[in-house]
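Enquirer: Generate a structure from the sequence data that follows.
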Amino acid sequence: MGFRIEKETYKNKTLRLPEKLIDSCSKVAAQHEISFNELVIQALEYCLENLEADDGLSLK
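Expert: Residues are numbered from 1 along each chain as shown. Okay, the predicted model is just below:
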């Protein structure tokens with residue numbers, strides 16, 4: 001099979017976040033030279049991959 005170029009698809013979703021959380025995330029994103037959006041995506045992916053629900057259910 002040959003090389004395939006795949007494009008990630010995105011959807012817009014508006015979130016209302018506490019001001020302190022936005023400030024903290026913005027600072028971390030700037031320190032790592034990534035966008036606020038990229039930080040949020042990585043944090044959400046990590047959380048979902050490592051989710052351990054009290055009822056034993058997970059997204060894995």
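
Enquirer: Could I get the full set of helices for the protein?
Expert: Applying DSSP state H to the chain gives helices spanning 19-31, 36-49.

Enquirer: Quick one, which of those helices gets closest to Met1.
Expert: Closest of the helices of the chain to Met1 is helix 36-49, at 26.6 Å (criterion: Cβ to Cβ). (C-beta placed from N, C-alpha, C; glycine too.)

Enquirer: Please spell out which residues along the closest one are buried.
Expert: Leu39 (16 or more other Cβ atoms under 10 Å).

Enquirer: Any stretches of this protein with poor pLDDT?
Expert: For the chain, applying pLDDT under 70 flags the ranges 53-60.

Enquirer: change it to 80
Expert: Applying pLDDT under 80 to the chain flags the ranges 1, 52-60.

Enquirer: got a list of what the residue sitting nearest the centre point of it touches?
Expert: Nearest to the mean C-alpha position of the chain, by Cα atoms, centre = their mean, lies Ile41 at 1.8 Å. If a contact means Cβ atoms under 8 Å, 6 or more residues apart in numbering, then Ile41 has no contacts.

Enquirer: Lovely, talk soon.
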